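Provide a 3D model corresponding to the input given below.
(3 chains)
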Amino acid sequence: MQRGIEWQAAILKAIRLETPRVKTFTFTLPDWTPHRAGQHYDIRLTAPDGYQAQRSYSVASEPERVGEIDLTVELVEDGEVSTFLHEGLVVGDLIEMRGPIGGYFVWEAAQSEPLLLVGGGSGVVPLMAMLRHRAAAGSNVPTRLLYSVRAPMEVIYAAELDELVRASPDLKVLLTFTRAKPQGWEGYARRIDQAMLGEVMAPLSSTPRAYICGPTLLVESVATLLLQSGLPRELIRTERFGPSGGPA
Amino acid sequence: MAGQVFSRGFFGKRRTPEQGQRTPPGQYITPDFPVLSVGPTPRIPLGEWNFYIKGLNQKPVQWSWDDFIQLPAKSFKVDIHCVTKWTKLDTEWEGVSVDTLLSKVGLDSRASYVTVFSYGDYTTNLPLADLMNDQAFIAYRYGGQPLAPEHGGPARLVVPHLYLWKSAKWVNGFQMMEHDISGFWESLGYHNYGDPWKEQRYQGD
Amino acid sequence: MEIDLNRSLMLDGNALAGVLQEIFSMEMTASPTECAHCGYEGEMGTLLAFVCSPGLVLRCPSCENVILRIVQTPDAIYLDARGAAFLRLTR
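Below you'll find the predicted structure:
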């Protein structure tokens, strides 16, 4: 994408609480341009004395939604930006941002290989953009999302994931809980390992393209496991999230 | 910064602007101790750690950890100033004054500068004179505890009168130099000397 | 001497996508590069990024040598790309 990325003042249109510590902010962009699922925006906050803080957040919404984007932000303990977004923003506020940015960790519905999405915590956000884009584009590529969270209350987009699965013939979402699981849960309840990945991938008809996003340790571990299972390196894409819940 | 939008209600992390004599220009005081580094945190087993002084004609001198902690140590309470604009007042350290270390070394008269080497690939440079006369120490305790790895432990250089990038974390040794050679940040736009009181952040300042 | 690597605070080249696009006027994270030290080949998005620092550092995910360093001053951007065997800018 050979164009400059200029800062623009986005307008906050809506706030939605996803989980106790996660909110989605919908912004209207005066200079909106369709993004690719997986891309992010940089946001920049300026205090009255000129002090600035900048963070990157993956776009959660599909590019088919014209004129606006969703950014899903996890509240980070002592995080100066996430705290401000969660506690200080009201509808109508202006936030400076630039984008869409990125070209490596992106997926387009035109790609025809089966899709393996692996997310940890807020790493699910760019993967959700991919799933929403997949649905909006009418794609039926066989897709699996393996989503690792610590506890049930931390599953972001739970209801919508169920809906997407109901509406799509070849999409499955597998959750794994690493600290506390729901009552009566019979699914995965451990860190992602080779056996789990093998089971998740088995139904996919051919070699999938894999996208892994989340904390560094999860990303590295899963990438290594996929390589060991024989998935070619060129079919694996990774994005590490920091404690801020975004790529930076 | 034309067209910049001030973010209503955003003040940023806790910081107070320069106050009186203790804060260099452009700095703000923070109660936190931010962790900044250029690479993965080195983990050096104490049994393998050493600190050396070498270069020019002098015989290299090296201390193992056991030798190093036998050296006379002092407490230091100093203010530290990071080029990224935060200042932390009254930081408390324990360690060995660089004067003590230099006294064990026969200094070559041509030694005018020092290149400081860290475990990993970080380096920084400064005049030898800035390491002498109670201006610098090698610290291995901070706030009453052994220096944590993310803050440079087992031991780091502390040179409080210069910006904190000169206070090399995970310090491994000094190379005595006749000529000044730019270190990791000095070679990429940062000021060669780095006096916070003259706000020498970047080359040309 | 072993350096035991603490990786949990690291990000990757995707975190630098914005500043790389500022410098090169194009998207760079999908662009291939090669480590001048060990020969690792991969997209810039795969490089290890250290962003809490006076500058930005991208390292090889294989040998951890520095591939790219960036410093942003009020007047300029300094770039050291000696750690890259090449950078590729698509026409």
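
which phi and psi does A:Glu64 have?
phi -70, psi -10 (degrees, to the nearest 10).

kindly report the same for B:Gly26.
phi 80, psi 0.

could you check how far the residue nearest to it when sequence neighbours are not counted is from A:Gln39?
Leaving aside its sequence neighbours, B:Gly26 sits nearest to B:Glu199 (C-beta to C-beta, 6 or more residues apart in numbering or on different chains; 5.6 Å). Just so you know, the C-beta spots here come from the backbone N, C-alpha and C atoms, and that holds for glycine as well. With distances taken as C-beta to C-beta, to the nearest Å, B:Glu199 is found 38 Å from A:Gln39.

who has more neighbours, the two?
Per other C-beta atoms under 10 Å in any protein chain shown, whichever of B:Glu199 and A:Gln39 has more neighbours is A:Gln39, with 27 against 16.

which residues touch the more buried one?
A:58-59, A:99-103, A:105-106, A:126, A:129 (C-beta atoms under 8 Å, 6 or more residues apart in numbering or on different chains).

the residue nearest to the spatial centre of chain C in helix, strand or coil?
Closest residue to the average C-alpha location of chain C: C:Leu58 at 2.8 Å, with C-alpha atoms, centre = their mean. Secondary structure assignment for C:Leu58 (DSSP: H, G, I helix; E, B strand; the rest coil): strand.

the one 10 residues further on too?
Using three-state DSSP as the criterion, the local structure at C:Leu68 reads strand.

count the residues that sit near the residue in chain B that chain C sits nearest to.
Relative to chain C, the nearest point of chain B is B:Arg43 (3.3 Å; C-beta to the nearest C-beta). Neighbour count of B:Arg43, defined by other C-beta under 10 Å: 16.

surely B:Tyr142 is in contact with B:Thr91?
Yes - if you go by C-beta atoms under 8 Å, B:Tyr142 and B:Thr91 touch, sitting 7.1 Å apart.

and the closest residue to B:Glu186 other than its chain neighbours, what are its phi and psi?
Closest residue in space to B:Glu186, ignoring its immediate chain neighbours: B:Asn192 at 5.1 Å, by C-beta to C-beta, 6+ apart. Here is the backbone geometry of B:Asn192 (degrees, to the nearest 10): phi -70, psi -30.

packing partners for the longest strand seen in chain B?
Criterion DSSP state E: the longest strand present in chain B is strand B:86-97. Here strand B:86-97 touches strand B:28-29, strand B:74-81, strand B:137-142, going by 3 or more C-beta pairs under 8 Å, 6 or more residues apart in numbering or on different chains; DSSP states H and E.

show me the contacts for C:Ser53.
Per C-beta under 8 Å, 6+ apart, neighbours of C:Ser53: B:36-38.

that older thread, A:Gln228 is nearest to which of the helices and strands packed on strand B:86-97?
strand B:137-142 (40.7 Å; C-beta to C-beta).

partners of the closest one, with directions?
Here strand B:137-142 has these sheet partners by DSSP bridges: strand B:86-97 (antiparallel), strand B:145-146 (antiparallel), strand B:156-158 (antiparallel).

same list (these) but as a markdown table, adding mean neighbour count and mean pLDDT.
Below are the strands paired with strand B:137-142 laid out as a markdown table (neighbours: other C-beta atoms under 10 Å in any protein chain shown; pLDDT from 0 to 100):
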| stretch | mean neighbour count | mean pLDDT |
| --- | --- | --- |
| strand B:86-97 | 18 | 97 |
| strand B:145-146 | 11 | 97 |
| strand B:156-158 | 24 | 98 |
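
related to what we said a few turns ago, by pLDDT, rank the contacts of C:Ser53 and give me the bottom one.
Here the lowest pLDDT out of those sits on B:Leu36, with 83.

give the burial count for B:Leu101, as a bare number.
20.

ramachandran angles for the residue nearest to the spatial centre of chain B?
Centroid-nearest residue in chain B, with C-alpha atoms, centre = their mean: B:Ser167, separated by 0.4 Å. The phi/psi pair for B:Ser167 (degrees, to the nearest 10) reads phi -90, psi 80.

how close does it get to A:Glu68?
Distance from B:Ser167 to A:Glu68, by C-beta to C-beta: 47 Å.

A:Leu227 too?
38 Å.

those two: which has the busier surroundings?
Neighbour comparison, A:Leu227 and A:Glu68: the larger count goes to A:Glu68, with 15 against 12 (by other C-beta under 10 Å).

OK, contacts around the closest residue to the more buried one other than its chain neighbours?
Leaving out its chain neighbours, the residue that sits closest to A:Glu68 by C-beta to C-beta, 6+ apart is A:Thr28, at 4.9 Å. Residues near A:Thr28 by C-beta under 8 Å, 6+ apart: A:10-11, A:13, A:67-68.

run through the bridge partners of A:Thr28.
A:Ile11, A:Glu68.

so B:Ile53 is in which element?
Assigned by DSSP states H and E, B:Ile53 belongs to strand B:50-55.

quick one, that strand and strand B:137-142 angle?
On the basis of axes from the mean of the first three to the mean of the last three C-alpha atoms, to 10 degrees, strand B:50-55 is oriented at 170 degrees to strand B:137-142.

given the next helix or strand along the chain from strand B:50-55, what are its sheet partners and their directions?
For strand B:50-55, the following helix or strand on the C-terminal side (DSSP H and E) is strand B:58-64. Here strand B:58-64 is paired, per DSSP bridges, with strand B:50-55 (antiparallel).

what residues sit buried inside the partner strand?
B:51, B:53, B:55 (16 or more other C-beta atoms under 10 Å in any protein chain shown).

I'd like those residues as CSV, with distance to A:Asn140 and pLDDT appended.
Converted to CSV, these look like this (distance: C-beta to C-beta, whole Å; pLDDT from 0 to 100):
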residue, distance to A:Asn140, pLDDT
B:Phe51, 63, 98
B:Ile53, 68, 96
B:Gly55, 68, 89
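
now those as JSON lines including distance to C:Leu89?
What follows is these, written out as JSON lines (distance: C-beta to C-beta, whole Å):
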{"residue": "B:Phe51", "distance to C:Leu89": "44"}
{"residue": "B:Ile53", "distance to C:Leu89": "45"}
{"residue": "B:Gly55", "distance to C:Leu89": "41"}
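
so which of these is the closest to C:Glu43?
For the buried residues of strand B:50-55, the nearest to C:Glu43 is B:Phe51 (39.8 Å; C-beta to C-beta).
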